[in-house]
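J.: My questions are about this predicted structure, shown below with the sequence.
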Amino acid sequence: MTRILGIESSCDETAAAVVRDGREILSSVVASQVDVHHKYGGVVPELASREHLRSIVPTVREALERAGVALPDLDVIAVTQGPGLVGSLLVGLTYGKVLAATLGKPLVPVNHIEGHVHAVFLEAHQTGKQPRRPAVCLIVSGGHTVLYGVQTEPVVPIKPAYDCAPSDHFTYVRIGQTRDDAAGEAYDKVAKLLGLGYPGGPVVDALAAHGNDRAVAFTTPVTKGNPHDFSFSGTKTAVLRYVRARPELNQEIAAREAALKRGERKADRLRPLCSATTLDLVASFQRFVVEDLVSRTLAAAEEYAARSVLVSGGVAANSALRAAFEARGYDAGLDVFFPSRALSTDNAAMIAAAAYPLWARGVRAGHDLNAEANLPLA
Ligand code: KG4
Ligand code: ZN
């Protein structure tokens, strides 16, 4: 039995989790900083590191308590090395390093993106249904929009062809990525300019259900050179232009900003402050982004002869994205896998799960381990 403590601090969540044998979540604790960054409409890196410093010790302590595991009982300490905000990464990484050194336990460095891929497999281990490989994985969050081809090699070769052991060696090929904004970033920026608060995704998702998603047309970006690349900044700018061309929207935007200041951040409080024009705009924006993500991913899946599609990262919590992938993936004969909503957004259980096969292969970090803002995966 291997008990791994995962530590995640790459962006604005301080998270710690204990996972047994790469598949059983004993605890998963996430300390969100949303309240701190909300008034700025996005993550402020200096504030993020300060909050990580405040939260890291109680978060790890709570994860251990909930798992019923004492520090000496841990077998491995896993930390997110990158990509992410350096000042944020350094807090979790340094704490993990000190813990590993003090306890004399192995330290395993994990790529945050690989964590998001493992969130899907972790979920699959809970439900018992495994994604067939090769798979195409879309990681879509506030910091990333990237498509990978995912293959696994068994460390122990004798097992059913489609079973995936948590110790399997994962390999990745990058198929496409965003050339500008991440999809979640586009959600957050559109929400900010419409006075809908931060993070924008959940509110836009809820409001979009009340608008006409065909009301506003957007132009599909052509990503010359690689059709599997994404681009969202043009769509965000189109929303901005649409709003600027309608000064009558300014008053309702100001009313929503005032509501946010009073702490009324939920979609059901903001919805009465939205005109039909605004609801149609957010519905059309969401339909366009979802359609773009789904069609580029399914085109990549076809080209790479994938058997399944995996979708992970904060935007994977989006209800329209889930519904579209499920319907169109089914039509294309592909199995589609999402983590639960809690495992879709940043968490440390996915870091501990991703560390398990690395640990099994002997990957270890030394005292010189450093945070890498742009750590590549493939
Ligand atoms: O994975 P995550 O927690 O952190 C990053 O690594 O970025 O993702 C956060 C992002 C934010 O941009 C947020 O607006 C977006 O995920 N998000 C959503 C939804 N829930 C969160 N976007 C669209 N629809 C949602 N339901
Ligand atoms: Zn993430």
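T.: Thanks, I have the structure now. Ligands and ions are numbered 1, 2, ... in the order given.
J.: Point out the other helices and strands that the helix or strand of the chain with the lowest mean pLDDT packs with.
T.: None of the helices or strands of the chain scores lower by mean pLDDT, DSSP states H and E than helix 34-37, at a mean of 88. Contacts defined by 3 or more C-beta pairs under 8 Å, 6 or more residues apart in numbering; DSSP states H and E place helix 34-37 against helix 45-67. Yep, even glycine has a C-beta here, placed from its N, CA and C like the rest.
J.: Show me how far the helix it packs on is from its chain's centre.
T.: Centroid separation for helix 45-67 versus its chain: 19 Å, with C-alpha atoms, centre = their mean, to the nearest Å.
J.: Remind me what it packs against, helices and strands.
T.: Against helix 45-67 (3+ C-beta pairs under 8 Å, 6+ apart) you get strand 3-8, strand 13-20, strand 24-32, helix 34-37, helix 86-103.
J.: ok, residue 120 - contacts?
T.: 131, 137, 310, 311, 312, 337, 338, 339 (C-beta atoms under 8 Å, 6 or more residues apart in numbering).
J.: again, 7 Å this time
T.: Taking C-beta atoms under 7 Å, 6 or more residues apart in numbering, we find residue 120 in contact with 131, 310, 312, 337, 339.
J.: Kindly report the same for residue 217.
T.: Per C-beta under 7 Å, 6+ apart, neighbours of residue 217: none.
J.: if I look at it, how far off is residue 267?
T.: 24 Å (C-beta to C-beta, to the nearest Å).
J.: Could you do residue 197 as well?
T.: Distance, residue 197 to residue 267, by C-beta to C-beta: 10 Å.
J.: So which bits of the stretch 201-350 of the chain are right by ligand 2?
T.: residue 346 (C-beta under 5 Å from the ion).
J.: Write out the residues of the stretch 201-350 of the chain neighbouring ligand 1.
T.: Within the stretch 201-350 of the chain, the positions near ligand 1 by C-beta under 6 Å from any ligand atom are 201, 202, 205, 313, 314, 315, 317, 318, 345, 346.
J.: Hmm, residue 351 is touching residue 115, no?
T.: Yes. Using C-beta atoms under 7 Å, residue 351 is in contact with residue 115, at 4.6 Å.
J.: Looking at these two now, which is surrounded by more residues?
T.: Relative neighbour count places residue 351 above the other of residue 351 and residue 115, with 36 against 28, counting by other C-beta atoms under 10 Å.
J.: Please name the residues that touch that one.
T.: So residue 351 contacts 6, 7, 8, 78, 80, 110, 115 (C-beta under 7 Å, 6+ apart).
J.: Hmm, residue 88 and residue 9 touching each other?
T.: Yes. With contact defined as C-beta under 7 Å, residue 9 reaches residue 88; the gap is 5.2 Å.
J.: Nearest residue to whichever residue of the stretch 251-378 of the chain sits closest to ligand 2 in space, please, no chain neighbours.
T.: Nearest to ligand 2, among the residues of the stretch 251-378 of the chain, is residue 346, at 4.4 Å (C-beta to the ion). Distances taken as C-beta to C-beta, 6 or more residues apart in numbering place residue 13 nearest to residue 346, at 4.4 Å, with adjacent residues excluded.
J.: Likewise for residue 185?
T.: The shortest distance from residue 185 to any non-neighbouring residue, by C-beta to C-beta, 6+ apart, is to residue 142 (5.5 Å).
J.: Go ahead and confirm that neighbour touches residue 184.
T.: Yes. Residue 142 lies in contact with residue 184 (C-beta under 7 Å); the separation is 3.6 Å.
J.: shared neighbours of those two, anything?
T.: Listed contacts common to residue 142 and residue 184 are residue 314; contacts here mean C-beta under 7 Å, 6+ apart.
J.: What average pLDDT does stretch 47-66 get?
T.: Average pLDDT, stretch 47-66: 97.
J.: Then stretch 243-255?
T.: Throughout stretch 243-255, pLDDT has a mean value of 98.
J.: swap in stretch 273-292?
T.: Here the average pLDDT along stretch 273-292 is 98.
J.: Show me which positions of it end up buried.
T.: Of all the residues in stretch 273-292, those buried under the rule 16 or more other C-beta atoms under 10 Å are 273-274, 277-292.
J.: So what's the gap between that stretch and the chain middle?
T.: 22 Å.
J.: Could you chop the protein up by domain?
T.: Using automatic domain parsing, the domain ranges for the chain come out as 3-177+341-360, 183-306.
J.: And the longest one, how far out from the chain middle?
T.: Averaging C-alpha coordinates over domain 3-177+341-360 and over its chain gives two centres that are 11 Å apart (C-alpha atoms, centre = their mean).
J.: again with the last one
T.: For domain 183-306, the distance between its averaged C-alpha position and the chain's averaged C-alpha position is 18 Å (C-alpha atoms, centre = their mean).
J.: ok, the closest residue in space to residue 287 that isn't next to it in sequence - contacts?
T.: Nearest non-adjacent residue to residue 287, counting by C-beta to C-beta, 6+ apart: residue 213, 3.8 Å away. Residue 213 makes contact with 283, 284, 286, 287 under the criterion C-beta under 7 Å, 6+ apart.
J.: could you redo those residues as a markdown table and give each row secondary structure?
T.: Output for the contacts of residue 213, formatted as a markdown table (DSSP: H, G, I helix; E, B strand; the rest coil):
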| residue | secondary structure |
| --- | --- |
| 283 | helix |
| 284 | helix |
| 286 | helix |
| 287 | helix |
